[in-house]
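Q: okay, here's the prediction I keep looking at, along with the sequence it came from:
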Amino acid sequence: MNPSEAGLVLVPLMAVLAPLLAKGVRPVLRVPVIVFELVLGILIGPALLGWVDAGEVLEKLSEFGLAMLFFVAGSEIDFRKLAGKPLVRASLGWVMSVVLGIGLGFFFAPGEGMVVIGIALSSTALGTLMPILRDAGELNTPFGRTVTAIGAVGEFLPLIAISIFLSTRTTWVATAVLLTFVVLAAAVVFFAQRTPHGRLHAFLRATLHTSDQFGIRFVLLLIASLVALSVVLELDMLLGAFVAGAVWRIIMARAPKEDAEEIESKIEAIAFGFLVPIFFLYTGITYDLDALLASPEAMALVPVFLVALLLFRGAAAQFSAPAGASVRERSALALLSATGLPIIVAVTAIGVEQGMLDSGVAAALVGAGMLSVLLYPLIAMSLRGDSATLAEAEKNKPVSEL
């Protein structure tokens, strides 16, 4: 088999090996499985062993994996709990971080390239953090809700910025197209809220354990439709995937709890058992390590961007810190807010493709994003201490403490 064909076997093998390695080191360090997926991808890719090469099939599956990651992130967010101050504070923090990022980008890529750097350094990988928070029992604590608010803004607003400022259209045309998408998406949300879902929920339940699996098919259609709408309007496809997740949450809001949980479990099985690991492994496989190693300047930028992520997103996160948060909580919040990769991969690919960004600088940004996923959640959750105890204690805190 050639390297492209070998990937069809080796990528699933690495996807199985990654959680085994994560479990093996868990008594010493609680390392997210994503870390091993990235490292194993680099190991088997052209950068090191050369066993697997980029291929059309893996590329498409990786894109589906990224879309599923954003869909799950959108479906996890309860905007009713986050509306108001949490989102306003997180948005103010994002504006600050993108301005600081553009300012730093001016020194390394003046012109349109600094906008690419600014967007990359203002992102938070909510889809990456959600499984970590869920596994730690933090998702429904005040701390977890704060991270969710910051991540929702740090994932959604960069997509908006990409659609407006990095579009091939003029800014006003790009804005008009984006507004068209917003209006259409709002119409879908309105329709989802107003339409009775009793018959739909009944059919979902009736097909839960049959070959029909209508719920899963409906989810895939919803993602495909809104992603296709994004593509037709020449917007980033991730915008459609994120909105699809939010629409699905509305549709399932009044479904019987046990049915909603079972369908959610099946969606997570497709996402985190199949497509999302392919995205992270493929990110490692396609990482341009040669461009990084060939340029001492680019290598020197990796720690610069890694620290910038922590400083810019970490400072922005303090706008959202719960009242009375300790230094450890604020530090953990800063570290999780500075965890970024999917948006960085997407925006740097656009920057290189459109000639806005040098491949070495792009590799440095992606390298910093990968290191942020490797290091920041690990340190943050260590600072949080015994997550189970903390989660139980914090569930009793009033939401007003946000």
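A: Yes, it's here.
Q: how many residues are close by the closest residue to residue 50 other than its chain neighbours?
A: Closest residue to residue 50 apart from its sequence neighbours, by CB to CB, 6 or more residues apart in numbering: residue 3 at 6.5 Å. Backbone N, C-alpha and C define where each C-beta goes, glycine included. Around residue 3 sit 18 other residues, with neighbours defined as other CB atoms under 10 Å.
Q: pLDDT score assigned to residue 3?
A: Per-residue confidence (pLDDT) for residue 3: 73.
Q: surely it touches residue 44?
A: No. With contact defined as CB atoms under 8 Å, residue 3 does not reach residue 44; the gap is 9.2 Å.
Q: spit out the residues that contact those two alike.
A: The contact sets of residue 3 and residue 44 overlap at 51, 52 (CB atoms under 8 Å, 6 or more residues apart in numbering).
Q: relative to residue 46, how far out is the residue nearest to residue 50?
A: In this view, residue 3 and residue 46 are 8 Å apart by CB to CB, to the nearest Å.
Q: how about the contacts made by the residue nearest to residue 50?
A: Residue 3 neighbours (CB under 8 Å, 6+ apart): 46, 50, 51, 52, 53.
Q: make it 10 Å
A: 10, 44, 45, 46, 49, 50, 51, 52, 53, 54, 55, 285 (CB atoms under 10 Å, 6 or more residues apart in numbering).
Q: hmm, which of these are the buried ones?
A: Using 16 or more other CB atoms under 10 Å as the burial test, the contacts of residue 3 include 10, 44, 45, 46, 51, 52, 53, 55, 285 as buried.
Q: so what's the third one up against?
A: Which is residue 45. Taking CB under 10 Å, 6+ apart, one finds 3, 7, 10, 51-54, 281-287, 289 in contact with residue 45.
Q: show me where the stretch 101-250 of the chain has helices.
A: Here the stretch 101-250 of the chain has its helices, by DSSP state H, counting those that start in this stretch, at 112-120, 126-135, 142-165, 171-194, 198-206, 214-232, 237-252.
Q: show me the shaky parts of the stretch 101-250 of the chain.
A: By pLDDT under 70, the low-scoring segments of the stretch 101-250 of the chain are 168-171, 193.
Q: one more time with 80, if that's ok
A: Per-residue confidence of the stretch 101-250 of the chain (counting by pLDDT under 80) places the weak regions at 135-136, 139-140, 166-175, 177-178, 181-182, 184-186, 188-198.
Q: could you dump the contacts of residue 3 to CSV with pLDDT and secondary structure?
A: CSV is the format used below for the contacts of residue 3 (pLDDT from 0 to 100; DSSP: H, G, I helix; E, B strand; the rest coil):
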residue, pLDDT, secondary structure
10, 92, helix
44, 93, helix
45, 91, coil
46, 90, coil
49, 90, coil
50, 90, coil
51, 92, coil
52, 91, coil
53, 89, coil
54, 84, coil
55, 83, coil
285, 92, helix
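Q: most widely separated two among the residues you listed?
A: The distance between the two most remote of the contacts of residue 3 (CB to CB) is 16.1 Å, for 49 and 55.
Q: ok so, going back, need the helices of the stretch 101-250 of the chain in CSV (columns: mean neighbour count and distance to residue 343).
A: Below are the helices of the stretch 101-250 of the chain laid out as CSV (neighbours: other CB atoms under 10 Å; distance: least, CB to CB, whole Å):
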stretch, mean neighbour count, distance to residue 343
helix 112-120, 25, 7
helix 126-135, 24, 10
helix 142-165, 24, 5
helix 171-194, 14, 17
helix 198-206, 15, 32
helix 214-232, 18, 15
helix 237-252, 24, 8
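Q: between these, which gets nearest to residue 263?
A: For residue 263, the closest of those is helix 214-232, at 4.5 Å, according to CB to CB.
Q: quick one: work out the angle between that closest one and helix 198-206.
A: Put simply, helix 214-232 runs at 120 degrees to helix 198-206, going by axes from the mean of the first three to the mean of the last three CA atoms, to 10 degrees.
Q: which other helices and strands contact helix 214-232?
A: Other helices and strands packing on helix 214-232, by 3 or more CB pairs under 10 Å, 6 or more residues apart in numbering; DSSP states H and E, are helix 56-76, helix 171-194, helix 198-206, helix 237-252, helix 257-270.
Q: dump these to CSV, plus distance to residue 384.
A: What follows is the helices and strands packed on helix 214-232, written out as CSV (distance: least, CB to CB, whole Å):
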stretch, distance to residue 384
helix 56-76, 19
helix 171-194, 34
helix 198-206, 36
helix 237-252, 26
helix 257-270, 23
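Q: and the closest residue in space to residue 277 that isn't next to it in sequence, how many neighbours does it have?
A: Using CB to CB, 6+ apart and skipping the chain neighbours, the partner closest in space to residue 277 is residue 15 (4.2 Å). Neighbours of residue 15 under the rule other CB under 10 Å: 21.
Q: what about residue 15, helix or strand, and which?
A: Using DSSP states H and E, residue 15 maps to helix 3-25.
Q: residues contacting residue 382?
A: 29, 30, 328, 332, 335.
Q: circling back to that earlier point, now the common contact residues for residue 3 and residue 46.
A: In contact with both residue 3 and residue 46: 52, 53, 54, 285, using CB under 10 Å, 6+ apart.
Q: identify the residues contacting residue 294.
A: 288, 359, 360, 363.
Q: and it, what pLDDT?
A: Per-residue pLDDT puts residue 294 at 86.
Q: ok, residue 81 next?
A: Note on residue 81: pLDDT of 69.
Q: same question, the one 5 residues further on
A: Residue 86 is assigned 80 on the pLDDT scale.
Q: and for residue 263?
A: 90.
Q: is it in contact with residue 200, as I believe?
A: No. Residue 263 lies out of contact with residue 200 (CB atoms under 10 Å); the separation is 11.5 Å.
Q: which residues do these two both contact?
A: Each of 214, 215, 218, 252, 255 lies in contact with both residue 263 and residue 200 under the rule CB under 10 Å, 6+ apart.
Q: could I get those residues as CSV with distance to residue 76?
A: Shown next, in CSV, are the shared contacts of residue 263 and residue 200 (distance: CB to CB, whole Å):
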residue, distance to residue 76
214, 22
215, 17
218, 18
252, 12
255, 16
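Q: for residue 36, state which of these is nearest.
A: Using CB to CB, the shared contacts of residue 263 and residue 200 come closest to residue 36 at residue 215, 30.8 Å.
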